[in-house]
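Participant: With the input below, show me the fold.
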Amino acid sequence: MEQIQTFFGYHKALTQLLHSRDFTGQSKRKKLEALSALCGELLKVDNVSIWTLSFCGHHLDREVLYPLVPADRDQGFRLSRDQHQAYFQALDGAEIICAEAVGTDPRTRSFHSDYPTTSKPVASMLDAPIFDGNRLSGVICLENRQTRHWGLDDIACVTAIADTISLLNTHEAWLSSRKELDYITHHDDFTGLLNLRSLRNHIQQQIEQQTQTSFALLWFDIDRLNAINNGMGQKVGDAVVSEVAARLRGMLLPGKEMVARVGGDEFAMIYRFPSEGTAMEEAVETILETVNYPIRVGEQKVQVSASIGISFFPHDGRDVSTLLRHSESAMYHAKACGRRQAQYYNQDISTTAKARFLLESQLTDAIAHDGLSVFYQPIMSADGSAVVSAEALVRWQHETQGFMSPAEFLPLAYEAGLIADLDLWVLERVCRDIQQSHQRGLPMPPVAVNLSADSIMDPLLADKVWDTLQRYQVLGSQLELEVIEDAIKGDSQVLRRTLEELVRMGIKLSIDDFGTGYSSLLRLKNLPFTKLKIDHSFIQDLPRDPDDCAITLSILGMASGLGLKVVAEGVENGEQQAWLQQQGCDYLQGYKYHKPMPIEAFMALLVNG
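Facilitator: The predicted structure follows:
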């Protein structure tokens, strides 16, 4: 009965401490010090210490000691599992370690030589494990220098305090997880900016305000990030995203209210502008200058640009979804107008955007389900009499819009990030046609397939091409791959390695639309190209236009000096043919000879000559 009354007294004292204002407002360490002091005073023991188990479980570190020792004199202490295996095993099993004789108890006798004491050795110990959830996180240790019999009231008291500390751990973990969850819920984990959820909530709050003041919603998209990822690597692409986020966050722009990351390469900004003056235009110019400034990643200098769409509340929408949709539509319009610019939303853009989204979905479906076709345009010998090769050209017979010019859907493929998939689709269709022609006993001449910059900068391109060749049993020598001039201006290691791997397969490489981009002679010399195609814009006015004559002659001379063959595309009449033949052009292509044609017509041409 006496033990029960004693325990009731302990319980009352503990309850009073836990509900006191001084205790509840303290830090966790102060709470631990108060609990150890209460335990020491109630049980009248020499020392009370609280220990924390390392995350890996290999050692215990003393965090709190009662009676308190000045910080400059408390050196702390560590117990290792390797040296005290029985003790740690007892704690692992959630045992209350009631050792009346420390030196002989199998769980504590390893302490005799190195256990920390302030004077004479410890004779008796009473230890209770502390938990964090279901994980052992430490121990509270009571020490007595005189041998002591630990009663049930002692054990109940130390257990209650150990459980209290376990509850403190659980509560602290809950608070930490709640803060972490709140951060994750409202922030982008990569850039630290607010996320789309926060943006939507913020706009909704602004709309619900009674003042209904105007503001602008700006939607940003980093131009051609896929090409950067493919050509320079994912780390460079991530660095670009991170730097753009930092620039938008740190930009000193009066009226900037919040910045959020709303997608992989997309950001949004709320901007409040004065009702009069040109503040909006000046702000847009400042933003474009800030974002479009080159980014240095290690030794590489990356030219970055962004397209921006802008909608206004309440003029362009009175609800969150409408404002977001309209600013995004305006951003796509900015991309369609040439990127690196800002466009304001209007009703025409909305109509165009809806049509664009529908067409993009239809193009995606056409690529996935063989809804496109490949036409072949012959490339002729220098005298125009024999077919020496052909160029594969993609065509789309749309279900409702009829024949669509590549000029209509290829830009869409670029903007939607579909161009690399489209390139591979064309390559596969060509290889299939080559295979079928061989099976029919009608071998095709080499076929040139166009590759976009996104494709040629893909480090896995060579593997993808090889897989396609193997699948259709096509030799590399039966293919030529054409890339536009600007696709090779980076001259990166990825590009060089890819080109060399393609050449080892027996594939010939050529530069398409030569003269419209920028290529240094050194780059042409060092990269494994064997052919140039003079763009049709330089051919159409031959031989009457002296400038076109001079440009074409310079290309022919340069190609001859570098050992490259030349194809003139866009030849439409005898005058052009005669002049090009006179200048020593190697191959001719154009409507004078043949228009692009389906595979069956091309096969018939080869048979009939």
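Participant: Check for me that V474 belongs to a strand.
Facilitator: No - following the definition DSSP: H, G, I helix; E, B strand; the rest coil, V474 is coil and is not counted among the residues of a strand.
Participant: and the closest residue in space to it that isn't next to it in sequence, how many neighbours does it have?
Facilitator: Beyond its immediate neighbours in the sequence, the residue positioned closest to V474 (Cβ to Cβ, 6 or more residues apart in numbering) is C431, lying 4.7 Å away. Quick note: C-beta positions are derived from backbone N, CA and C, even for glycine. Applying the criterion other Cβ atoms under 10 Å, we find 22 residues in the vicinity of C431.
Participant: Could you do the one 5 residues further on as well?
Facilitator: Look at Q436: counted by other Cβ under 10 Å, it has 14 neighbours.
Participant: Next SSE downstream of the one helix or strand it maps to?
Facilitator: Under the criterion DSSP states H and E, the helix or strand holding Q436 is helix 419-439. The first helix or strand that comes after helix 419-439 along the chain, using DSSP H and E, is strand 447-451.
Participant: Sheet-wise, list the partners of that next one with their directions.
Facilitator: strand 387-398 (parallel), strand 479-484 (parallel) (DSSP bridges).
Participant: ranking these by burial, who's on top?
Facilitator: strand 479-484 (a mean of 23; mean count of other Cβ atoms under 10 Å).
Participant: With just CA atoms, put the next helix or strand after it into PDB.
Facilitator: Heading C-terminal from strand 479-484, the first helix or strand you meet, by DSSP H and E, is helix 493-504. Coordinates of the C-alpha atoms in helix 493-504 are reproduced here as PDB (Å, rounded to 0.1, in the frame of the first residue of the first chain):
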ATOM      1  CA  GLN A 493      31.500  15.800 -77.600                       C
ATOM      2  CA  VAL A 494      28.000  14.100 -77.700                       C
ATOM      3  CA  LEU A 495      27.500  15.300 -81.300                       C
ATOM      4  CA  ARG A 496      30.900  14.200 -82.400                       C
ATOM      5  CA  ARG A 497      30.600  10.700 -80.800                       C
ATOM      6  CA  THR A 498      27.100  10.200 -82.300                       C
ATOM      7  CA  LEU A 499      28.200  11.100 -85.800                       C
ATOM      8  CA  GLU A 500      31.300   8.900 -85.600                       C
ATOM      9  CA  GLU A 501      29.100   5.900 -84.400                       C
ATOM     10  CA  LEU A 502      26.700   6.500 -87.300                       C
ATOM     11  CA  VAL A 503      29.600   6.500 -89.800                       C
ATOM     12  CA  ARG A 504      31.000   3.200 -88.400                       C
END
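Participant: Which secondary structure elements does helix 493-504 sit against?
Facilitator: In this structure, helix 493-504 packs against helix 225-232, helix 453-456, helix 461-472, strand 508-514, with contacts taken as 3 or more Cβ pairs under 8 Å, 6 or more residues apart in numbering; DSSP states H and E.
Participant: Pull out the buried residues from the very next helix or strand once past the first one.
Facilitator: Toward the C-terminal end, the helix or strand that comes next after helix 225-232 (DSSP H and E) is helix 234-250. Residues of helix 234-250 classed as buried under the neighbour-count rule (16 or more other Cβ atoms under 10 Å) are 236-241, 243-245, 247-249.
Participant: I'd guess R296 is in a helix, am I close?
Facilitator: No - when three-state DSSP is applied, R296 is found to be strand, with no helix at that position.
Participant: quick one: it and V302 touch, right?
Facilitator: Yes - between R296 and V302 a contact is recorded at 7.5 Å, counting by Cβ atoms under 8 Å.
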